[in-house]
Every structure is written in structure tokens, then in C-alpha cells.
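K.L.:
next input, structure requested:
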Amino acid sequence: MQSLSRTRLAWLAGFLVLVSAAVLWWQFGRAPSPSQMLAWLPAGDGPTLYLDFALLRRTGLLERLAGDARLADEEYRAFIGATGFDYRRDLDAALVRWHDDATLFVLAGRFDRARLEKYAVAQGGRCANGLCSLPAATPGRRISFMQLNRGTLALATSTDPMAAALISRSNRTPNPGAPMSPLWLMLPKPYLKSMEGLPSGISAFLEALGGAERAAFLLRPTNNGVDVVLEAPCTSAAVASRVAGRLTQATSLLKSLLAREGKQPERDDLSGVLTAGTFRGDQDTVRGFWPVPKEFLDKLTLPGGK
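P.N.:
Model prediction:
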């Protein structure tokens, strides 16, 4: 009887160890989902970009978008040598949020914390209580970073030398949910307007999206290139129908302007991508679709875009 009790206690202890290990792995070893990464950002909104580097790397799309690793500049090669970190190899996912005067990053991958801290100090920075801060290339701004768990890093560029501390696993910031795509860009309502510095065609489409609550642009790899998919929720089906109509009109106008100049949309040019867009209202959501051919992607990766 005593032997049986000891056996049961041994099984129970082993079971508890396994459960504890599973919980620790779940909390500290498991790569965060895009929705978790969004929740760890501070309250507020701003344009948000997500890239699943691991999937893009497996499909070969990362190599196509990033270009030849041998062409990396000398400064970046020195960074790799000092830290052991190369995003082409070691970064699995990145979430970027432009928030007030800061650019916030949640990075998942493989990081050598000791070498990163040593690099920060060598660049004139300092580290304290797990948070490092060093001068950025832009005068008056600082880069700060801290490890959120074994495989996740919070990083920020801002005038605030401790901006990375705004990102926390204890945050539970409400968010609209992450799109299902290896690469997406989400724009909140205030950014759905013409913006200075953007190509006129893109500004026209953003202006046409006015009325939507937000817009998510999703990248989906295909055999012939990639597709860009638009999902823009609206307050009603009527609003979604109007916005889809304006997007269709903007596409037709761009085609007319090209024809007036005696030009045809080219497959390897932005005009060819924009004029191929189609749109529809799906209940209270605007859905759009732009096929991006391989020729356009190849042109992006050539030196000088030639």
C-alpha cells in the first residue's frame, strides 16, 4: 500500500512537472501570434505593418523582396558581425506601429541579448534593468530595446530614450484583430486620405477610401507573383457600396489619364498594378483585389529599379 502511494506520488509529481513545463513553454517559448503582438502595443492607433519573415523566407518571397544578401551595405555587415543577428536568417516576424512621434517594433526571432547589449554600449548607449538605449542616425532620436521573452524583442525609435518600455506583455490593448496574411498593412480611419509624398495614383485610392472605418491591405503569394487584397469595413452596406464605387471610378480615371498621355499600363510598372484593381461592396465591407505580376516584383529587386 505504501509502495502504491509512493508510485502515485511519483506519477503526480511527474505530471505537475510536465504541466509546468508546458505552461512555461506557452508563455515564454512559443512565438507570439500577430494578435498577441498587437495587444502588447500601447493604447492608441497608427499605421501598422506586419511581416511573417519565416513564411516569406520559406516561400522564397523574402529573397525576392530583400534582394541579394551579398549587396548589403558595409554598415549592416558590421552590425551582423557584432551582434550575430541577420534579419534574413534570424527574424521570424515583425510588427511595426507608427505611434505619435515613435516607431514601435515587436520582433520575434533569435536574438543574442548579451551581444546586442554589448553593441549598444559600443555605439555610445547604455543598458539598465534590461532596457538599452543608444543614439539613432537621426539627430535628437534614440533607439531603445528590451527583451519581452526568450524569442521576442521590443524595439523603438523615438525622442523618448525609453520608448521600448511602452511595449509590454502585460498590455491588453484592444485591437480589431490581425488579418490572415504573411504581410499586411492596416491603416486607421484618419489615414484614409491623400498624403503628401505618395504617388498620385496611390493618394487617389486612399482618398476614395474615405468613409471606411479602416483599411487592411493583405499580401498573398501566388504562382505568378502576389495578390494584394483590400478589406475595409464600413458602418453600413450603403457606405461600403459608395466607397467601392469611388475606388472603381478612381481606377477608371487613372486609365483615362494614361490613355490621354498616349500610355498603356505596363505589367512591370505601378500603373499596371493600380489599373488592374477590382472592387465590390460585400455587405458592410469593401473588398478589393490587385494582381501583382512577377515582372513588377523583379523590377523592384533590381539595382536602381531597372
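
K.L.:
what segments of the stretch 51-200 of the chain are strands?
P.N.:
Remark: strands assigned in the stretch 51-200 of the chain by DSSP state E, counting those that start in this stretch are 91-99, 102-109, 126-128, 131-135, 142-149, 152-158, 183-188.

K.L.:
what does the first one contact?
P.N.:
If you take CB atoms under 8 Å, 6 or more residues apart in numbering as the criterion, strand 91-99 is touched by 31-32, 34, 37-38, 41-42, 44-54, 85, 103-110, 151, 166. C-beta: built from backbone N, CA, C; applies to glycine.

K.L.:
partners of it in the sheet?
P.N.:
Strand 91-99 pairs in its sheet with strand 48-51 (antiparallel), strand 102-109 (antiparallel), by DSSP bridges.

K.L.:
run through the stretch 201-306 of the chain and note the low-pLDDT ranges.
P.N.:
Applying pLDDT under 70 to the stretch 201-306 of the chain flags the ranges 300-306.

K.L.:
helix, strand or coil: sort out the closest residue to Thr222 other than its chain neighbours for me.
P.N.:
Leaving out its chain neighbours, the residue that sits closest to Thr222 by CB to CB, 6 or more residues apart in numbering is Pro291, at 7.7 Å. Going by DSSP: H, G, I helix; E, B strand; the rest coil, the secondary structure assigned to Pro291 is strand.

K.L.:
could you shift the numbering so residue one becomes 3, and keep it that way?
P.N.:
Will do, 3 is the new start, and the previous item becomes Pro293.

K.L.:
could you give me the buried positions within stretch 41-57?
P.N.:
Residues of stretch 41-57 classed as buried by neighbour count (16 or more other CB atoms under 10 Å): 41-44, 47-48, 50-57.

K.L.:
could you do stretch 254-263 as well?
P.N.:
Result for stretch 254-263 [16+ other CB under 10 Å]: buried residues 256-257, 260.

K.L.:
cheers, nothing more for now.
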